[in-house]
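Novice: show me how the following folds:
(one chain, ligands or ions: 1)
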Amino acid sequence: MSDFETKVRETLANPENQGELPDADAVGTVGSPECGDMMRMWLKFTEKDGKKVIDRASFQAFGCQTAIAVASMATQLLKGKTAEEAQHLSAQDLTGELGPLPPMKIHCGQLVEGALKNALESTPSQPIEAPTESVNTLSSSLNRPAGGKLRIIPLD
Ligand code: FES
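Specialist: Numbers count the residues shown, from 1 in each chain. Below is the predicted model of the structure:
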């Protein structure tokens, strides 16, 4: 087993920041046309030293183990970053202690990057509209009829 796979397994034993942030300022959802996996990320901002920075980030995934491990790492390292700093993070940047993504797993990291970028599009200065119905899980929201607040953005 590679070092990367070992670290993914260790992270999956106790993934951080899973589940919805009920008081989130931003949320992003993406799907990968490559594998059909999906990821949603929530961001909560706070003021620190006169700057608006990410206070908390969380995720929910219908994804592979790598995507979940990267999301766990990403949500930890996003803390304290401004929206602009977070916008410049690539999939490889978001892996944190997992190390570089193997070529076959790059799209898994891009799923996390895509969810982050999609969330950042709904900036804190533009408050998220409350959903018209209760959205408890990614699954339940994906089963909603088209035309709701959920936006699925396929990754390139
Ligand atoms: Fe789909 Fe990893 S195989 S995100």
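
Novice: burial of residue 15, as a residue count?
Specialist: Using other C-beta atoms under 10 Å, residue 15 is surrounded by 16 other residues. Bear in mind the C-beta positions are built from the backbone N, C-alpha and C, glycine included.

Novice: and what about it, helix, strand or coil?
Specialist: The three-state label for residue 15, taken from DSSP: H, G, I helix; E, B strand; the rest coil, comes out as coil.

Novice: name the nearest residue to it, ignoring sequence neighbours.
Specialist: Once flanking residues are discounted, residue 15 sits nearest to residue 72: 4.1 Å by C-beta to C-beta, 6 or more residues apart in numbering.

Novice: which bits of the chain sit near the ligand?
Specialist: Residues of the chain found near the ligand (C-beta under 6 Å from any ligand atom) are 32, 35, 37, 63-64, 66-67, 108, 111.

Novice: can you tell me the helix or strand for the residue nearest to residue 15?
Specialist: Using DSSP states H and E, residue 72 sits in helix 65-77.

Novice: and that helix, what does it pack against?
Specialist: Helix 65-77 is packed against helix 3-13, strand 38-48, strand 51-62, helix 106-121, with contacts defined by 3 or more C-beta pairs under 8 Å, 6 or more residues apart in numbering; DSSP states H and E.

Novice: deepest in the core, which of those is it.
Specialist: Most buried of those by mean neighbour count (mean count of other C-beta atoms under 10 Å) is helix 106-121; its value is a mean of 24.

Novice: hmm, who's touching that one?
Specialist: 26-30, 32, 34-35, 37-43, 57, 59, 63-64, 66-67, 70-71, 74, 78, 83, 86-87, 89-92, 94-95, 101, 151, 153, 155 (C-beta atoms under 8 Å, 6 or more residues apart in numbering).

Novice: point out where this structure drops to low pLDDT.
Specialist: Residue ranges of the chain with pLDDT under 70: 123-156.

Novice: tell me the centre residue of it?
Specialist: Central residue of the chain (C-alpha atoms, centre = their mean): residue 41, 3.5 Å from the mean position.
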